[in-house]
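**Q** Pasting the sequence and the predicted model now:
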Amino acid sequence: MQSTDRPETRLATRLAFLVGGFALACWAPLVPFAKARLGVDDGMLGMLLLCLGLGSVAAMLATGMLSARYGSKPIIIAGGLGLALILPTLALASTPFTLGLALAAFGACLGSLDVAMNIHAVEVEKGADRPLMSGFHALFSIGGFIGSLLVTLLLSVKAGPLAATLLSSVVMVVAMVVAWPRLLRTIQAEDAPLFVMPRGFVLLLAALAAITFLVEGAILDWSALLLTSQGRVDASHGGLGYMLFAVAMTAGRLGGDAITARFGDRAIMLWGGVIAVGGFALLLLGPNAIVAMGGFLLIGLGASNIVPVLFRKGGSQKVMPAGLAVAAITMTGYAGVLVGPAGVGFAANHLGLPGAFWMLALLLCAAPLCAGIVTRSQKQGEANAHRSYSSMDA
C-alpha cells in the first residue's frame with residue numbers, strides 16, 4: 001500500500017491550511033467597509049459577526065460525520081472552493097440579512113475546511129516517520145498574513161472591496177486546483193459510526209484545545225487594552241503585543257516538527273505550557289514595556305505546538321473514529337475562541353483586566369499538568385476501544 005506521506009500529499013495539505021488562513025484574513029479588512037455600507041451600529045455588527053462563528057460550529061459537527069463516511073478530500077475541495085465563491089458576496093451584501101446569510105455560509109465553508117484539513121493532516125502524518133502537524137498549522141498562520149497583507153494593499157491603492165475579494169478568490173481557486181489531484185482518497189471503514197459522543201480521553205483533548213484557543217482569542221481581543229490601560233504603550237502601539245505573539249507562534253510552529261521529533265510530544269506539552277505560563281507572569285509582572293513584550297513572545301512560542309500535539313493524539317486514539325475526534329477537538333477549540341473574549345470581559349469587570357489574564361495563565365497550567373496523561377493514555381485508549389464500541393452497538 002502506497003504511503004500517505006508523499007511530497008504531493010504534503011503539498012496538498014499545506015495548501016489547504018494556507019487557504020483556510022488566507023480566506024479568514026481576507027474578511028477582516030472588509031469589516032469597516034461592511035459596517036459603513038450597511039449603516040449598522042456596533043451591536044448589529046457583533047450579531048452579524050456571530051453568524052460566521054455559528055455557521056462554522058454547525059458545519060464542524062456535520063463534517064466529522066461526513067468525513068467518517070466519504071473521506072476528507074471532497075470536503076476540503078468543497079470548503080476551499082466555497083470560500084472562494086462566497087468571499088466576493090461579503091463585499092456586495094447590501095442588507096444585514098444578506099450579509100448574515102453570506103457570513104454563515106462563509107463560516108460553514110471555513111469550519112468544514114478546518115476539520116477536514118486536520119483529518120487529512122493526521123492521515124498524512126501517520127504515513128511519515130516524523131512529526132508534520134506543527135508545520136501544517138504554521139501554513140494557516142502564514143496564509144493569514146498573506147491574505148491580510150494582500151487585501152490591505154489592494155484597498156490602500158483604492159482597488160475597492162469587490163476587486164480585492166475577486167483577486168483573492170482567484171488565488172484560492174488556483175491553490176485548490178493544484179491541491180485537488182494530490183489529496184488523499186482515504187475513506188473510513190463503511191461500518192464506522194457516523195456519530196459518537198466524545199468521552200474520556202477525547203474530552204480531555206478537547207478541553208485542552210478550548211483552553212489554548214481561548215488564550216489565543218483573548219490575546220487577540222484584549223492585549224492592546226491591557227497594554228494601554230496600564231500605561232505600558234500608547235494607543236498607536238497597542239497592537240504590537242499581539243503582533244509579537246503571532247510572529248512567535250508562527251515561528252514556533254515552523255520549527256515545531258523538528259523539536260517534537262527530537263524531544264517528543266510530552267516535552268512539547270510540558271515545557272511549552274511552562275514557557276507560556278511564564279510568559280504570562282512576565283507580561284503581568286514585568287517592570288516596563290520591553291519586558292512585557294517579551295512575555296508575548298514567550299506565550300506565543302510556548303503555546304505554538306500544544307494544539308498540533310492535541311490533534312495528533314486525537315487522530316491516533318482508538319476510543320472513537322479519528323474524524324469525529326478531530327471534529328470534536330476543532331469544535332471545542334473554536335468555541336474557546338468565540339466564548340473566551342466575552343469571558344475575559346466578564347472576569348475583567350470583577351477582577352480587573354490583569355486579574356482576568358492571571359485566570360488565563362491559571363487555565364493554561366492544565367497543559368503541562370496533563371502532559372503525562374495526554375501522551376501515555378494512548379495505550380489505555382486502545383485497550384478500551386473494543387469495550388467502547390461494544391457498549392455503543394448495544
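**A** Nice, thanks for sending it over.
**Q** Please tell me how far the closest residue to residue 119 other than its chain neighbours sits from residue 142.
**A** Sequence neighbours aside, residue 72 is the residue nearest to residue 119 in space, at 4.4 Å (criterion: C-beta to C-beta, 6 or more residues apart in numbering). For every residue, glycine as well, the C-beta is placed using N, CA and C. Distance, residue 72 to residue 142, by C-beta to C-beta, to the nearest Å: 21 Å.
**Q** Which residues are in contact with the residue nearest to residue 119?
**A** Contacts for residue 72 were tallied using C-beta atoms under 8 Å, 6 or more residues apart in numbering; they are 116, 117, 119, 120, 123, 183, 184, 186, 323.
**Q** Against residue 78, how distant is it?
**A** For residue 72, the distance to residue 78 equals 11 Å [C-beta to C-beta].
**Q** what stretches of this protein score poorly on pLDDT?
**A** When residues are selected by pLDDT under 70, those of the chain lie in 1-3, 186-198, 235-236, 341, 377-394.
**Q** Narrow the contacts of residue 72 to those in helices?
**A** Using DSSP state H, the members of those that fall in helices are 116, 117, 119, 120, 123, 323.
**Q** Going along the chain, name the helices of the stretch 151-300 of the chain.
**A** Counting by DSSP state H, counting those that start in this stretch, the stretch 151-300 of the chain has helices at residues 161-179, 200-229, 240-254, 256-263, 265-285, 289-303.
**Q** nearest to residue 356, of the ones you listed?
**A** helix 200-229 (7.5 Å; C-beta to C-beta).
**Q** between the closest one and helix 240-254, how big is the angle?
**A** Counting by axes from the mean of the first three to the mean of the last three C-alpha atoms, to 10 degrees, helix 200-229 lies at 150 degrees to helix 240-254.
**Q** Helix 200-229 - contacts with which helices or strands?
**A** Judged by 3 or more C-beta pairs under 8 Å, 6 or more residues apart in numbering; DSSP states H and E, helix 200-229 is in contact with helix 240-254, helix 289-303, helix 306-316, helix 322-351, helix 353-364, helix 366-369, helix 371-393.
**Q** Now mean neighbour count and distance to residue 15 too, for these, in JSON lines please.
**A** JSON lines is the format used below for the helices and strands packed on helix 200-229 (neighbours: other C-beta atoms under 10 Å; distance: least, C-beta to C-beta, whole Å):
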{"stretch": "helix 240-254", "mean neighbour count": "20", "distance to residue 15": "16"}
{"stretch": "helix 289-303", "mean neighbour count": "21", "distance to residue 15": "24"}
{"stretch": "helix 306-316", "mean neighbour count": "24", "distance to residue 15": "18"}
{"stretch": "helix 322-351", "mean neighbour count": "21", "distance to residue 15": "19"}
{"stretch": "helix 353-364", "mean neighbour count": "18", "distance to residue 15": "31"}
{"stretch": "helix 366-369", "mean neighbour count": "19", "distance to residue 15": "30"}
{"stretch": "helix 371-393", "mean neighbour count": "14", "distance to residue 15": "29"}
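**Q** for the ones you listed, which one sits closest to residue 101?
**A** Across these, closest to residue 101 is helix 322-351 (C-beta to C-beta), at 19.1 Å.
**Q** Next, the angle helix 353-364 makes with the closest one.
**A** If you take the same axes, to 10 degrees, helix 322-351 sits at 150 degrees to helix 353-364.
**Q** Tell me the helices and strands packed up against helix 322-351.
**A** helix 42-70, helix 96-126, helix 200-229, helix 306-316, helix 353-364.
**Q** Distance from stretch 58-77 to the middle of the chain?
**A** In terms of C-alpha atoms, centre = their mean, to the nearest Å, the centre of stretch 58-77 is found 17 Å from the chain centre.
**Q** repeat for stretch 203-223
**A** Computed by C-alpha atoms, centre = their mean, the chain-centroid distance of stretch 203-223 equals 10 Å.
**Q** How about stretch 67-79?
**A** Relative to its chain's centre, stretch 67-79 lies at 18 Å (C-alpha atoms, centre = their mean).
**Q** ditto for stretch 311-325
**A** 17 Å.
**Q** How about the contacts made by residue 145?
**A** Residue 145 sits next to 21, 25, 250 when contact means C-beta under 8 Å, 6+ apart.
**Q** Excluding chain neighbours, what is closest to the first one?
**A** Nearest non-adjacent residue to residue 21, counting by C-beta to C-beta, 6+ apart: residue 143, 3.1 Å away.
**Q** tell me the contacts of that neighbour?
**A** Listed by C-beta under 8 Å, 6+ apart, the contact set of residue 143 reads 17, 18, 19, 20, 21, 22, 23, 25.
**Q** What separation is there between the last one and residue 149?
**A** I take that to be residue 25. 8 Å.
**Q** Just want to know which of those two has more residues nearby.
**A** Applying other C-beta atoms under 10 Å to residue 25 and residue 149 shows that residue 25 carries more neighbours, namely 22 against 12.
**Q** Count the neighbours of residue 105 for me.
**A** 20.
**Q** Same check on residue 74?
**A** The burial count for residue 74: 15, using other C-beta under 10 Å.
**Q** Which phi and psi values does it adopt?
**A** Here is the backbone geometry of residue 74 (degrees, to the nearest 10): phi -60, psi -30.
**Q** cool, and residue 318?
**A** When read as degrees, to the nearest 10, the backbone of residue 318 gives phi -120, psi 10.
**Q** Distance of it relative to residue 38?
**A** 49 Å.
**Q** do residue 253 as well
**A** Noted for residue 253: a distance of 36 Å to residue 38, by C-beta to C-beta.
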